[in-house]
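Engineer: Fold the following, please.
(chains A and B)
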Protein chains: 2
Amino acid sequence: MSENVYIADIAKYADKEVQIKGWLYNKRHSGKLWFLQVRDGTGIIQSVVFKGSVSDEVFKNCEELTQESSVTVTGTVSADKRSAIGYEIQVKELEIVSVSEEYPITPKEHGTSFLMDRRHLWLRSSRQHAIISIRHEVIKACRDFFDGRGFTLVDAPVFTPNACEGTSTLFETDYFDTKAFLTQSGQLYMEAGAMAFGKAYCFGPTFRAEKSKTRRHLTEFWMIEPEVAYMDLAGDMDLAENFVEYVVQRVLKNKKSELESLERNLEALQKVIRPFPRISYDEATEILKKAEAEFEYGSDFGGTDETIISEGFDRPVMVHRYPAAIKAFYMKEDPEDTSKALCVDMLAPEGYGEIIGGGQREDDLDILIEKIKKHDLPMEAFNWYLDLRKYGTVPHSGFGMGIERMVSWVCGLSHVRETIPFPRLMHRLSP
Amino acid sequence: MSENVYIADIAKYADKEVQIKGWLYNKRHSGKLWFLQVRDGTGIIQSVVFKGSVSDEVFKNCEELTQESSVTVTGTVSADKRSAIGYEIQVKELEIVSVSEEYPITPKEHGTSFLMDRRHLWLRSSRQHAIISIRHEVIKACRDFFDGRGFTLVDAPVFTPNACEGTSTLFETDYFDTKAFLTQSGQLYMEAGAMAFGKAYCFGPTFRAEKSKTRRHLTEFWMIEPEVAYMDLAGDMDLAENFVEYVVQRVLKNKKSELESLERNLEALQKVIRPFPRISYDEATEILKKAEAEFEYGSDFGGTDETIISEGFDRPVMVHRYPAAIKAFYMKEDPEDTSKALCVDMLAPEGYGEIIGGGQREDDLDILIEKIKKHDLPMEAFNWYLDLRKYGTVPHSGFGMGIERMVSWVCGLSHVRETIPFPRLMHRLSP
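Structural biologist: So this is what the prediction gives:
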């Protein structure tokens, strides 16, 4: 009996007879030989069918075999230097499990909209495989980073009771006799988490109903958000650069062939080594001024501004101390210049823009109450949040990183929509 | 300078001077000594203040120090056999960062509703610490299990376009010009994932708008759902018992002291070793009959039925082949008895009920179309799902496990609400 094996494990079975259960990815023909590219989800292996080694029926079946038909291939694993995976299979038996007729995604070029409508099938292609596999590694690396540093996972809720910062970009749902809003960030909950566990993080989907069709926006995206008690802005920047270096270097180490298959410039990623440059908002605006960018001091950076700022650096750049007026109410003012907030954005190189946003939180009860009033927010919604300042308040900081933007940058993609298995955009809710 | 350390790492600093940044958990007094229980989120350490070793001000501060005030403690780490963690601190300096006044959760007993209203603070208590820490370990173990077996993480979307199985238990939201529904399960998407990656899983929050107030229901709960191509029901049961054994044994190994602090019966968990008993639905109904339970053959098991069935076993029991009529349309009929479905539920021992539901999926296009019609479901909503049967269909199986029910069982809790940091129930949407 031949053993059922996965292509990913094929090296362990050199010169042995095995059975692969998969699908036909591609095929070509040369006289008495059929070269079948068989994929099983863990890899693709060339399966060589020689007329003299199989029954007439099997050889004839090869001719009729269509793309994505499911097949069971039995044969001997042989080393082959020309193979990308180092091995091929000399076929003895081939069983057709199911014939696939007129598979819509052919090796020719298709438009993105056509492919997105068939996302459930498109995921079978090598390119999508590489991206989703890198996404998996990024997520593993993110979790391992915090798990390995004493952080406790404190999942934040998706349903939140209040539209804290206006409803315009919130998804709303009936919640029995009341309304609930889908979370945009777990941060406020992570502040409770940090006070309870010292170091906490959450990781889950977040939602923004932005009427935005840029290449950087999804309505549903995954975020990882660490928060640390007794950590200031400088510590927050240390943590962020440690984290990003770890994630990028781990993907480089474990997913090199996937990055290569995407034709990613590996040198650019190899440079992502601490320390990352740290510049103030004011210094960043100087860069924009020199570049003669149309930018008004005091406003937030747009995508183009971010690209100009990051162009001068070969690794991510951290921009800190933005004007407090354009930042959220919970950001702590810089005691050395109260017009500035103790916040930081990390901009990825190569024009990928903001991948991390974070900072030190306001820990003074009275100042926080003032700010909630000034931002015209409903005080009662923040009663529980204010408790964190009433009962043992301490300096604390954290940040959020969007997984899809990270994957997009690491993979070198032009749009975030390929970085998630089933993307949700303004005009895309299926499959 | 004394080093800033976390209590979790204290054993590395025996006889050294360190600084702990945390909060006062509890205190007691004896003549010239104050015994401060200081927590920093990673542990609790007794900090001994001897009148002769500190300034008068520090000793006086101890008297005034209130529960949950934030403090910085500097002192020497000394081994102490009476300590649960083996060490205490001989205090030299104590700095009050912030005074906490009238912290609402005192060491006395409080009602669950009172505590749930203060969940953001309740998380600081030792018991909640233990539970959330075990939850973290369960989630890590789940991911490690599948990551270590060649599964690819394929995140399922939260927003889904169709109310596939009726809207009564679905949360709905406006989605630009249309409606979206919050996912109840990633399974259909995982079937696409399995055809693309061979072995796929998703892990994320799922939602049910059930008007249910039992101790087993949350409106928002986390699910892990593996799906494997070319796997039948027997393989699915093998995978499920492997998985549950792995998770339970890992928690036992890594979180023993947390389980002990919850007074969990460890022996019951130590018995969770493969093989788990496998009985058919028909055999399960025989058990109910013998127990003279009020149960009608052909219907689904209620909570009480599940408890009776599982009582005869000292580990989880897998009940397979339920009547097809009470199961979802996508379940494959048993070829040996088409009135039955090739499905399986795993019932936890000790009355914890169903923790896993799964089975083999219908892989025949024509039968599946018939079943969609018979269940009166909108065919157009399943076009993409039917594609998976058109293009290279293969036998495949999978299951879903609810994290909170698993944590509830492992911890031995009477209600799932404590198994998640911020529970969402029918009447609970905050904090």
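Engineer: For the residue of the stretch 151-300 of chain A found nearest chain B, list the residues it contacts.
Structural biologist: Relative to chain B, the nearest point of the stretch 151-300 of chain A is A:Gly198 (2.6 Å; C-beta to the nearest C-beta). (Each C-beta comes from the backbone N, C-alpha and C, glycine too.) Taking C-beta atoms under 8 Å, 6 or more residues apart in numbering or on different chains, we find A:Gly198 in contact with A:Gly150, A:Thr152, A:Val228, A:Ala229, A:Tyr230, B:Tyr6, B:Gly22, B:Asp40, B:Gly41, B:Thr42.
Engineer: Filter those residues down to just the ones in helices.
Structural biologist: When those are checked against helices (DSSP state H), there are no matches.
Engineer: Look at A:Val154 and say how many residues are nearby.
Structural biologist: Other residues within reach of A:Val154, judged by other C-beta atoms under 10 Å in any protein chain shown, total 27.
Engineer: That should have said A:Arg118, apologies.
Structural biologist: 19.
Engineer: quick one, phi/psi of it?
Structural biologist: phi -120, psi 40 (degrees, to the nearest 10).
Engineer: Next one: it from A:Gly111, what distance?
Structural biologist: A:Arg118 sits at a distance of 11 Å from A:Gly111 (criterion: C-beta to C-beta, to the nearest Å).
Engineer: any chance you could map the helices in the stretch 151-300 of chain A?
Structural biologist: In the stretch 151-300 of chain A, the segments counted as helices under DSSP state H, counting those that start in this stretch are A:187-197, A:233-254, A:256-261, A:266-270, A:281-290.
Engineer: most neighbours per residue, which of those helices?
Structural biologist: Mean neighbours per residue, mean count of other C-beta atoms under 10 Å in any protein chain shown, is largest over the helices of the stretch 151-300 of chain A for helix A:187-197, with a mean of 26.
Engineer: and that helix, what does it pack onto?
Structural biologist: strand A:199-207, strand A:220-229, helix A:383-390, strand A:396-402, helix B:119-122, helix B:126-147 (3 or more C-beta pairs under 8 Å, 6 or more residues apart in numbering or on different chains; DSSP states H and E).
Engineer: Please list the residues of the stretch 1-150 of chain A that sit near chain B.
Structural biologist: A:6, A:8-9, A:21-24, A:40-42, A:68-70, A:97-98, A:100-101, A:103, A:118, A:120-121, A:123-124, A:128-129, A:132-133, A:135-136, A:139-140, A:143, A:147, A:150 (C-beta under 8 Å from any C-beta of the partner chain).
Engineer: Buried members of those into ChimeraX, please.
Structural biologist: Of the residues of the stretch 1-150 of chain A next to chain B, the buried ones go into a single ChimeraX selection, burial set by 16 or more other C-beta atoms under 10 Å in any protein chain shown:
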select /A:6,21,22,23,24,40,41,42,68,69,70,97,98,100,103,118,120,121,123,124,128,129,132,133,135,136,139,140,143,147
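Engineer: Which pLDDT value goes with A:Leu239?
Structural biologist: Reported pLDDT at A:Leu239 in the predicted model: 98.
Engineer: ok, it - contacts?
Structural biologist: A:Leu239 sits in contact with A:Pro226, A:Val228, A:Met231, A:Phe399, where contact means C-beta under 8 Å, 6+ apart.
Engineer: Can you tell me the closest non-neighbouring residue to the second one?
Structural biologist: What it means is A:Val228. Excluding the flanking residues, the one nearest A:Val228 by C-beta to C-beta, 6 or more residues apart in numbering or on different chains is A:Lys199, at 5.1 Å.
Engineer: right, and that neighbour touches B:Gly41 too?
Structural biologist: Yes - using C-beta atoms under 8 Å, A:Lys199 is in contact with B:Gly41, at 6.7 Å.
Engineer: Can you check which residues contact both of those two?
Structural biologist: Jointly contacting A:Lys199 and B:Gly41 under the rule C-beta under 8 Å, 6+ apart are A:Thr152, A:Ala229.
Engineer: Poorly predicted segments of chain A, please.
Structural biologist: The model of chain A has pLDDT under 70 over residues A:163-167.
Engineer: domain assignment for chain A?
Structural biologist: Chain A breaks down into these domains under automatic domain parsing: A:3-98, A:117-419.
Engineer: Need those domains in CSV (columns: distance to B:Glu260).
Structural biologist: Formatted as CSV, the domains of chain A follow (distance: least, C-beta to C-beta, whole Å):
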stretch, distance to B:Glu260
domain A:3-98, 40
domain A:117-419, 19
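Engineer: Pick the most deeply packed of those domains.
Structural biologist: Taking mean count of other C-beta under 10 Å, domain A:117-419 is the most buried of those, at a mean of 19.
Engineer: Excluding chain neighbours, give the residue nearest to A:Tyr13 in space.
Structural biologist: According to C-beta to C-beta, 6+ apart, the nearest residue to A:Tyr13 is A:Val77 (4.7 Å).
Engineer: which SSE is that neighbour in?
Structural biologist: For A:Val77, the enclosing helix or strand under DSSP states H and E is strand A:70-79.
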